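1. This is a predicted model, with the sequence first.
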Amino acid sequence: MNELFPSPAAGLFGRRLKRARAHRVPVTVITGFLGAGKTTLLRRFLATPDGRGTAVVVNEFGATGIDDALIRESADETVLLGNGCLCCITRSDLQQALRRMVVERERGELPDFRRIVIETSGLADPSPILQTFATDRALGEIFHIEVVVTVVDAETGADTLAWSSEARKQVILADRLVVTKTDIAGEGAASALTAQLRTLNASAEILLAVNGELDPTRLTQAASDQRNTFMAETEHSDGIGSFVLNETSPMPWTVFARAMETLMALRGPDLLRVKGFLDVAGCKGPVVVQFVQHLAHPPVELESWPDGNRQSRVVFITRDMTEKQVRDLFAAVRALI
Amino acid sequence: MPAATSPLNKSGEPTTWNFKLLAQNDLGGFGGMGEGMAVQIAKDGRRIIWLAHESAPKNFTGVDVSDPRKPKVVVQTDLPQTFMRSNSLEMTGDILAVAYQTQKAGQQPAGLELFDVSVPEKPRSISFFDCSGATSRGVHQLWFCDGEYVHMASGAPDFKPSHPLDDQFYRCIDVRNPSKPVEAGRWWMPGTKAGETPLPRHKLDKGYRAHNTNVYKQRPNRMYLCYIDGGMFVMDISDKSKPKPISHWTNSPPYTGFMHTAVPLFDRGLLIVTDESTENSAKDWPKLVWVVDMRDETHLVSISTCPMPPVDAYANRGGRFGAHNIHENPPVPTAWQSDQIVLGTFFNGGLRAYDISNAYQPKEVAAFVPPPPKGTPAGAVQLNDVFVDEREIVYTVDRHTGGLYVLEMDF
């Protein structure tokens, strides 16, 4: 329908944006194993000026109870927290809870929240949450996952990572890793854990929080997309690996789209997360692409390359899939088009 | 989920969403601003925004916004009479055109004044074009973007309206010699001149008068003329002495009139049209920003409106709630141009930005509702006009006391 009124100022993907989330409500996902210190971190954040206007969604997924006084009993309750914040505990469906919050905000029944923080239960694999925003068109239009923060306890984190595949996945999918309880665990344990985290996730920023203290912007700002383009391919015991697809020349959109369609069709469940900037032929700014398994977020073009470095860099986090296989597929598609 | 009480909406707590407030200036205690805003780059490189006042005693104010975080008033002028208002101004180069309207017909002075503001601190009058008359209140609004013609909503000594509220019509003034402005042409809506078959009065009866008279260099032979209770007209002004209507579009009735501004988006075949809310407590709700299909300028079709926040949350905050001015993409080098974003002021609904990339589904992408400015009689902010400069700095003004707010777009 909109082809009737094209704007010459628009790009291949519509209006060029200053930032990937555009106008949408930023969402921070905080994951981490039970007792890792997620709630402490969140409480400290809510007390800062940056925390103002935050709606906290505690997603229990029917798991064991949450261990903090933030949380009340009874299902699906919204509680005002002060500082313009509110907390919604959902034991049912995250999508429904978020939709309800939007409707009630529109009606003026809820505060005018400007940020959502989703605190997952300790056992949760964050993938379904990331998928929620890609599957639900209405939610994807309103919310944007700004950053996935995974909290790891320096005292017990190494052990947890050794026995729990969920914990490993939380680390692998994170944009930012926060190591807590470093004061208890000691410096040696903290640096050993940091090294272990780096092997699992080579691109995420790793931060240390002492007594739950962390620069509040680390929970609100998008992770830098200045991924290390020389990041070596990594592979873990779960068959999960990551690599960066970087290209120095612009790629026709058709090549990228068709290659990704093929990957999603053949190996969708094994594409855990694909995210990054793409230099698309004919586009002025970088095109932000994001995939979670078989789901694709709509691509958006930014007004300009944030760091002046015009180079495609797309991080792939995959299961049982090698960098070479993906590169070969892109090369084959490029040759055929 | 039980509904929680919303302290924000009940108390009218401010909202800043996807805008960043850089500065506010109450303009020396004279912060009741009208609907004229223009930016000049002075010869010494300073960036001056010229602002019209809503009412006397002030005429216009020049503010140095070279550093948008530190706006400084450089000049503020006075009106000669308290019954006057200079609600509208525009500029080309260093020439500032100011509209003078009086409270009652017959009062003087009423008309158009041109100033040389090449030295911003010392505006110098170049000429005055008298529009007063027994049935005229002078000039309410003007457009001056090409340095040659002032297009304005004005009365005239030789024009007797069929109804006192219908006194201002379209006049084109040739100012190529700025010291001797002369009328080049005029047009009035049929039925508004005494002796013609009178038009039916609207329920709120705000008059059949010209309001905005926008002309763009992309299509200099067209004018987009709003006519308050008379809807809007696309006008052929290829012969300035004989303006001719090409098409007409109105929403009232059943809406409540007061069509205000029409901004063409030529490349997209769209027209953005605003109403003005004029009644307190949203008694004239809904007053909207309309998106009109203008691919065929002879057949205008309304296709969507910009979504407003809930009327219940705003109606009783104080003052008016509803559409008014939008950034008009004035064809001057110091103005931002966009055919994908519409920024508008909605009185106590604040400043709002809409993404109209999909013309059928405009969506709100940013809002700024500041706290009630100090001393305002309205009880809430009443944002009245908005202008965006080519640096993408947004300027908006309060109608009563708040003066100037300077913002950045963050979306």
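-> It's in.
2. helix, strand or coil for the residue nearest to residue A:192 when sequence neighbours are not counted?
-> Leaving aside its sequence neighbours, residue A:192 sits nearest to residue A:158 (Cβ to Cβ, 6 or more residues apart in numbering or on different chains; 6.7 Å). (Each C-beta comes from the backbone N, C-alpha and C, glycine too.) For residue A:158, the assignment made with DSSP: H, G, I helix; E, B strand; the rest coil gives helix.
3. Let me know whether residue A:158 touches residue A:190 as I believe.
-> No: taking contacts as Cβ atoms under 8 Å, residue A:158 lies outside contact range of residue A:190: 10.3 Å.
4. Comparing the two, which residue is more hemmed in?
-> More crowded of residue A:158 and residue A:190, by other Cβ atoms under 10 Å in any protein chain shown: residue A:190, with 21 against 17.
5. Tell me the predicted confidence for the more buried one.
-> Listed pLDDT for residue A:190 reads 88.
6. got it, and residue B:99?
-> 98.
7. The one 10 residues further on now?
-> pLDDT, the model's per-residue confidence, is 97 for residue B:109.
8. gap between it and residue B:50?
-> 20 Å (Cβ to Cβ, to the nearest Å).
9. Can you pick out the residue with more neighbours from those two?
-> Comparing residue B:109 with residue B:50 by other Cβ under 10 Å, the one with more neighbours is residue B:50, at 24 against 16.
10. Each with direction, which strands does whichever strand or helix holds the more buried one pair with?
-> Following DSSP states H and E, one finds residue B:50 within strand B:47-53. Here strand B:47-53 is paired, per DSSP bridges, with strand B:33-41 (antiparallel), strand B:58-64 (antiparallel).
11. For that strand, output the C-alpha coordinates as CSV.
-> Extracted as CSV, the C-alpha positions of strand B:47-53 are listed here (Å, rounded to 0.1, in the frame of the first residue of the first chain):
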residue,chain,number,x,y,z
ARG,B,47,22.3,31.7,14.7
ILE,B,48,19.3,33.7,15.7
ILE,B,49,15.8,32.3,16.1
TRP,B,50,13.0,35.0,15.7
LEU,B,51,9.9,34.3,17.7
ALA,B,52,6.5,35.9,17.5
HIS,B,53,4.5,36.6,20.7
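12. next one: it to chain centre, how far?
-> 14 Å (Cα atoms, centre = their mean, to the nearest Å).
13. got a list of contacts for that strand?
-> B:27, B:30, B:32-42, B:59-66, B:71, B:74, B:85-89, B:91, B:96, B:98-99, B:117, B:120, B:334, B:387, B:389, B:395, B:397, B:404 (Cβ atoms under 8 Å, 6 or more residues apart in numbering or on different chains).
14. cool, stretch B:371-379 as well?
-> Contacts of stretch B:371-379 (Cβ under 8 Å, 6+ apart): B:12-14, B:26, B:31, B:317-320, B:348, B:380-382, B:398-403.
15. And for the closest residue to chain A within the stretch 101-250 of chain B, the neighbour number?
-> The minimum distance from the stretch 101-250 of chain B to chain A, using Cβ to the nearest Cβ, falls at residue B:218 (12.1 Å). Neighbours of residue B:218 under the rule other Cβ under 10 Å: 13.
16. which ones are touching it?
-> Applying Cβ under 8 Å, 6+ apart, the residues contacting residue B:218 are B:266, B:331.
17. try the one 10 residues further on
-> With contact taken as Cβ under 8 Å, 6+ apart, residue B:228 is in contact with B:206, B:207, B:208, B:209, B:210, B:211, B:257, B:258, B:259, B:260.
18. How many residues are close by the third one?
-> If I follow you right, that is residue B:208. Using other Cβ under 10 Å: residue B:208 sits among 29 other residues.
19. in terms of contact, does it touch residue B:232 like I think?
-> No: judged on Cβ under 8 Å, residue B:208 makes no contact with residue B:232 at a distance of 12.0 Å.
20. so what are the domain limits for chain A?
-> A:25-219, A:227-336 (automatic domain parsing).
21. Phi, psi for the residue of the stretch 101-250 of chain B closest to chain A please.
-> In terms of degrees, to the nearest 10, the main-chain angles of residue B:218 are phi -60, psi -30.
22. check contacts around residue B:111.
-> B:100, B:128, B:129, B:130, B:131, B:132, B:138, B:139, B:154.
23. mind checking the SS state of residue A:332?
-> helix.
24. how much space between it and residue A:255?
-> 10 Å.
25. same question, residue A:160
-> Residue A:160 sits 41 Å away from residue A:255 when distances are taken as Cβ to Cβ.
26. Show me which residues of the stretch 201-350 of chain B sit near chain A.
-> By Cβ under 8 Å from any Cβ of the partner chain, the part of the stretch 201-350 of chain B that sits against chain A consists of B:265, B:267-270, B:293, B:295, B:310, B:312-313, B:338-341.
27. Out of those residues, which sit inside helices?
-> B:312, B:313 (DSSP state H).
28. Which of the residues of the stretch 201-350 of chain B next to chain A are buried? Put it as a PyMOL command.
-> Of these, the buried ones go into a single PyMOL selection, burial set by 16 or more other Cβ atoms under 10 Å in any protein chain shown:
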select buried, chain B and resi 265+268+269+270+293+313+338+339+340+341
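29. before we move on, the earlier item: how about TSV for the contacts of residue B:228, with pLDDT and secondary structure added?
-> Compiled in TSV, the contacts of residue B:228 are given as follows (pLDDT from 0 to 100; DSSP: H, G, I helix; E, B strand; the rest coil):
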residue	pLDDT	secondary structure
B:206	97	coil
B:207	98	coil
B:208	98	coil
B:209	98	coil
B:210	98	coil
B:211	98	coil
B:257	96	coil
B:258	98	coil
B:259	98	strand
B:260	98	strand
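30. Low-confidence regions, the stretch 151-300 of chain A specifically.
-> Across the stretch 151-300 of chain A, the ranges flagged by pLDDT under 70 are A:224-237.
31. Just the closest residue of it to chain B, please.
-> Closest point on the stretch 151-300 of chain A to chain B, by Cβ to the nearest Cβ, is residue A:300, at 11.2 Å.
32. Secondary structure element holding whichever residue of the stretch 251-400 of chain B sits closest to chain A?
-> Residue of the stretch 251-400 of chain B nearest chain A, by Cβ to the nearest Cβ: residue B:365 (3.4 Å). Assessed by DSSP H and E, residue B:365 sits inside strand B:363-369.
33. which residues sit against that strand?
-> The contact list for strand B:363-369 (Cβ under 8 Å, 6+ apart) reads A:22-23, A:141, B:12, B:14-19, B:21, B:306-307, B:309, B:341, B:348-355, B:381, B:383, B:396, B:405, B:407, B:409-411.
34. Could you identify the helix or strand that succeeds that strand?
-> Next in sequence after strand B:363-369, counting helices and strands by DSSP H and E, comes strand B:383-388.
35. what number of residues lie near residue B:262?
-> For residue B:262, using other Cβ under 10 Å, the count is 29.
36. That one: what's it in contact with?
-> Residue B:262 neighbours (Cβ under 8 Å, 6+ apart): B:212, B:214, B:224, B:225, B:226, B:232, B:271, B:272, B:273, B:274.
37. Then residue B:113?
-> Counting by Cβ under 8 Å, 6+ apart, residue B:113 touches B:97, B:98, B:100, B:125, B:127, B:128, B:129.
38. My understanding was that the third one contacts residue B:112; is that so?
-> Spelled out, it's residue B:100. Yes: taking Cβ under 8 Å as the definition, residue B:100 is a contact partner of residue B:112 at 7.1 Å.
39. what residues are shared contacts of those two?
-> B:131, B:139.
40. Give me the more crowded residue out of those two.
-> Counted by other Cβ under 10 Å, residue B:100 and residue B:112 do not tie: residue B:100 has more neighbours, with 29 against 25.
41. can you give me the helices in the chain?
-> Picking chain A for this. For chain A, applying DSSP H gives helices covering A:38-46, A:94-106, A:127-135, A:137-142, A:157-163, A:165-172, A:182-185, A:187-200, A:253-267, A:323-336.
42. Chain B was what I was after
-> So, for chain B - with DSSP H - the helices run B:7-11, B:311-314.
43. Lowest mean pLDDT across the ones you listed, which one is that?
-> Across the helices of chain B, helix B:7-11 gives the lowest mean pLDDT, at a mean of 41.
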